[in-house]
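need a structure here:
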Amino acid sequence: MKIKKTMVICLAAVMIAAIFAACGKNETKNVSTDGSTSMESVINSLGEAFEAENGISFTYNPTGSGSGIQAALDGSCDIGLSSRDLKNEELDSGLEQTVIAYDGIAIIVNPENPVSDLKLETLAEIYKGKIKNWKEIGGNDGEIVLIGREAGSGTRDGFESITGTENAIKYKQELTSTGDVITAVAGNPAAIGYASLSAVKDTVKAIAVNGVSPSEKTVKDKSYAVQRDFVLVTKKDKPLSESAQKFFDFATSEKAADIIRNAGAVPVK
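Numbers count the residues shown, from 1 in each chain. The predicted structure is shown next:
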């Protein structure tokens, strides 16, 4: 009887250990990311390559940079994604950033619009409402329709900080994704908007700024004025899980460069 009882106890202990081992294994076999919609092409490409190489599940939740930063802070994802640099207060809260790519913010207009080049100062005056009609800058007679992203968007934050237009813009439309901005501009000959260079399609026209068109070359050599960083956001005092660390190392390695480039951004390495 005593032997049977001992065997039952041992068997139960083995089963409990197996359950904990399985849980631990599951925890290390997935990576969750959350944040910037502008990073969608880059992060999905990296995630697919990472899954294929490591057999580890990878998820991406496109909620916007602000949400991704908060998710990294509260631990609801492994790695946050931001299309802007972290602010001082975010760094002070215990977060750190790692730049994996550079992205030009393309200024886009409808293909029918004859305007093809704007000075950065002129762009700022347009978005501040000081220039209201396209004919003032060589375009067709018509009111300029300002299209932009929602508050908290990394693309919006990047554009407004670069142009010095924070809290000064009265948008006609504030949209929740890069794709929506492109669609809105493509459907309105009087519209102007901004979008991640990696996401721009031939349904819109990307114009030059200060005489320089957005491209990998001009973003990397910093001659194109409207550009920002693509950032991985992590916590300083909390090590990543084994799987998340593998993805982090993969995304920041030289072999990820071609993947990032093919996704439309400019790799750091």
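
Residues in contact with the helix or strand that Val219 is a member of: which ones?
Val219 belongs to helix 216-220 when assigned by DSSP states H and E. Helix 216-220 has contacts (C-beta atoms under 8 Å, 6 or more residues apart in numbering) with Tyr102, Asp103, Gly104, Leu197, Val212, Tyr224, Gln227, Arg261, Val266. Bear in mind the C-beta positions are built from the backbone N, C-alpha and C, glycine included.

Restrict the first helix or strand past that helix going along the chain to CA atoms and write it as PDB.
As assigned by DSSP H and E, the chain's next helix or strand after helix 216-220 is strand 227-235. C-alpha atoms of strand 227-235 as PDB (Å, rounded to 0.1, in the frame of the first residue of the first chain):
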ATOM      1  CA  GLN A 227      12.800  61.100 -42.500                       C
ATOM      2  CA  ARG A 228      12.700  59.200 -39.200                       C
ATOM      3  CA  ASP A 229      13.800  56.000 -37.500                       C
ATOM      4  CA  PHE A 230      12.200  52.600 -37.200                       C
ATOM      5  CA  VAL A 231      12.700  51.500 -33.600                       C
ATOM      6  CA  LEU A 232      12.400  48.400 -31.500                       C
ATOM      7  CA  VAL A 233      11.300  49.300 -28.000                       C
ATOM      8  CA  THR A 234      12.200  47.200 -25.000                       C
ATOM      9  CA  LYS A 235      12.500  47.600 -21.200                       C
END
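
quick revisit: if we take the contacts of helix 216-220, which one ends up nearest to Thr33?
Asp103 (16.6 Å; C-beta to C-beta).

Roughly how far does the closest one sit from Ser116?
As judged by C-beta to C-beta, to the nearest Å, Asp103 and Ser116 stand 21 Å apart.

These two: which is more packed in?
The neighbour comparison of Asp103 against Ser116 (other C-beta atoms under 10 Å) goes to Asp103, with 28 against 13.

in what helix or strand does the more buried one lie?
Here Asp103 sits within strand 95-109, counting by DSSP H and E.

Sheet-wise, list the partners of that strand with their directions.
strand 191-196 (antiparallel), strand 205-209 (antiparallel), strand 227-235 (antiparallel), strand 266-267 (antiparallel) (DSSP bridges).

Packed most tightly, which of the ones you listed would that be?
The highest mean neighbour count among the strands paired with strand 95-109, using mean count of other C-beta atoms under 10 Å, belongs to strand 191-196: a mean of 26.

what's in contact with it?
Strand 191-196 is contacted from outside by 38-39, 83, 103-110, 126, 144-149, 155-156, 159, 172, 178, 181-182, 184-185, 204, 226, 264, using C-beta under 8 Å, 6+ apart.

Now, the residues you listed that are in strands?
Secondary structure from DSSP state E places Asp103, Gly104, Ile105, Ala106, Ile107, Ile108, Val109, Val145, Leu146, Ile147, Gly148, Arg149 of these in strands.

number of nearby residues for Leu240?
Using other C-beta under 10 Å, Leu240 has 16 other residues around it.

Check it and give its pLDDT.
With respect to pLDDT, Leu240 has a value of 97.

isn't it right up against Val233?
No - the criterion here is C-beta atoms under 8 Å, and Leu240 misses it with Val233 at 11.6 Å.

where do the helices sit along this structure?
2-27, 40-54, 65-74, 88-92, 120-127, 154-163, 178-186, 216-220, 242-251, 257-262 (DSSP state H).

Turn those into TSV, including mean neighbour count and distance to Gly138.
Shown next, in TSV, are those (neighbours: other C-beta atoms under 10 Å; distance: least, C-beta to C-beta, whole Å):
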stretch	mean neighbour count	distance to Gly138
helix 2-27	10	59
helix 40-54	18	33
helix 65-74	23	34
helix 88-92	11	40
helix 120-127	19	10
helix 154-163	23	19
helix 178-186	21	18
helix 216-220	17	22
helix 242-251	18	43
helix 257-262	17	34
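
lowest-confidence stretch among these?
The minimum mean pLDDT among those belongs to helix 2-27 (a mean of 47).

Please verify my assumption that Arg84 contacts Gly154.
Yes - with contact defined as C-beta under 8 Å, Arg84 reaches Gly154; the gap is 4.2 Å.

and for those two, which residues touch both?
Residues touching both Arg84 and Gly154 (C-beta under 8 Å, 6+ apart): Ser65, Arg228.

Perfect, I'm done here.
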